[in-house]
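1. the sequence and its predicted three-dimensional model are supplied below.
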Amino acid sequence: MKKLVIVIIALMLTQACYVNAQPQWKFYLAFEDGIGAKDTIWFIWDTTATFMGYDTLLGEKPLFLNNNAFNVYTFNNGSMSDDTIKTVAYPYYEYFEEDIQAFNYELPIKITWDTSLFHADYLPPEPVGWVNYARLYSDYFFWVNNNPIDNDFDMTLIDTVMSPDPSITDPWFWQSWIHFPISIYMHQEETTGVKQLYEEIQDIVFYPNPSKSYLNI
């Protein structure tokens with residue numbers, strides 16, 4: 001009877017841990033080069049993941065790459081050996097900041113992802129509840145992007161981009177070296193609250209108020 005009670009308690013604790021655990025968030029960045037060769041980088045947030053070493057149970061492991069094929073890859077920054085990997089696993093409190101390398105590719109490179117995953121309802125509710133900061137940066141995206149304020153590409157606005165855009169005829173943009181490495185940054189960034197924003201704009205004056213034809217700031 002005593003053993004039965006212990007087993008039941010253990011099962012209840014296991015179930016409680018399962019219910020309370022944050023579900024895994026798995027995100028991909030898919031690449032296709034100019035002749036149709038494809039490869040993918042995976043990003044995983046998981047409660048069991050660690051920043052240091054390899055989370056082999058989550059698919060994060062060192063890889064030997066085929067030098068004769070198109071490959072995209074990054075490095076395990078939490079490992080002393082800094083091996084090449086195609087799956088990056090982090091705990092939820094870490095943010096993704098990776099440099100993606102590639103070899104054996106033909107331009108242009110098509111990069112795709114799933115923007116709906118940025119709004120997954122199982123993401124941690126704090127600090128904002130969704131991945132509101134997801135950017136791509138390279139020498140190419142510094143010049144050609146959808147976010148000229150920061151000179152990078154905002155992934156939250158669209159789910160695909162070409163590097164370079166096929167409509168570009170300037171030969172400088174068709175040099176391979178400006179397209180890799182591509183840096184990717186993803187996390188939940190705290191936003192300015194309405195109250196704080198209101199306090200910050202108290203010194204701004206609008207006139208005339210009300211206005212029908214023009215407004216001075």
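-> Happy to help now that I have it.
2. helix, strand, or coil at the closest residue to D33 other than its chain neighbours?
-> Once flanking residues are discounted, D33 sits nearest to Y105: 4.1 Å by Cβ to Cβ, 6 or more residues apart in numbering. Every residue, glycine included, has its C-beta placed from N, CA and C. Classification of Y105 using DSSP: H, G, I helix; E, B strand; the rest coil returns coil.
3. need the phi and psi values for Y105.
-> Backbone geometry at Y105, expressed as degrees, to the nearest 10, gives phi -130, psi 160.
4. can you report how many residues neighbour it?
-> Look at Y105: counted by other Cβ atoms under 10 Å, it has 21 neighbours.
5. can you tell me the element the residue nearest the centre of the chain falls in?
-> Central residue of the chain (Cα atoms, centre = their mean): M186, 3.6 Å from the mean position. M186 belongs to strand 182-187 when assigned by DSSP states H and E.
6. number of residues surrounding G36?
-> Around G36 there are 9 residues (other Cβ under 10 Å).
7. the residue nearest to D33 reaches A37, doesn't it?
-> Yes. Under the criterion of Cβ atoms under 8 Å, Y105 makes contact with A37 at 6.8 Å.
8. mind listing the shared neighbours of the two?
-> F70 (Cβ atoms under 8 Å, 6 or more residues apart in numbering).
9. can you classify W42 by secondary structure?
-> strand.
10. give the burial count for it, as a bare number.
-> W42, neighbours per other Cβ under 10 Å, totals 17.
11. now do the contacts for it.
-> K26, F27, Y28, G59, K86, T87, V88.
12. these two touch, right, P164 and D139?
-> No. Between P164 and D139 there is no contact under Cβ under 8 Å: 10.9 Å.
13. helices of the chain, start to end?
-> With DSSP state H, the ranges of helices along the chain come out as 2-20, 139-143, 194-200.
14. and the nearest residue to G59 once chain neighbours are set aside, what pLDDT?
-> Nearest non-adjacent residue to G59, counting by Cβ to Cβ, 6+ apart: T87, 4.2 Å away. We have a pLDDT of 97 for T87.
15. separation between T87 and I41?
-> 8 Å (Cβ to Cβ, to the nearest Å).
16. just I100 next, same as before
-> 6 Å.
17. hey, what's in contact with both of those two?
-> L29, V72, Y73, T74.
18. surely the third one and I100 touch.
-> Yes. With contact taken as Cβ under 8 Å, Y73 and I100 are classed as touching, separated by 7.2 Å.
19. quick one, which of those two is more surrounded?
-> The neighbour comparison of Y73 against I100 (other Cβ under 10 Å) goes to I100, with 21 against 17.
20. what bridges to that one?
-> Beta-bridge partners for I100, by DSSP bridges, are I182.
21. same question, E32
-> Beta-bridge pairing of E32 under DSSP bridges involves K38, K110.
22. show me the contacts for D159.
-> If you count contacts by Cβ under 8 Å, 6+ apart, then D159 has T112, W113, D114, T115 around it.
23. any idea how far the closest residue to the last one other than its chain neighbours is from H179?
-> What that stands for is T115. Nearest non-adjacent residue to T115, counting by Cβ to Cβ, 6+ apart: D159, 4.8 Å away. Distance of D159 to H179, computed by Cβ to Cβ: 19 Å.
24. go on, V161?
-> Applying Cβ to Cβ, the value for V161 to H179 is 11 Å.
25. what does Y185 give?
-> Distance from Y185 to H179, by Cβ to Cβ: 17 Å.
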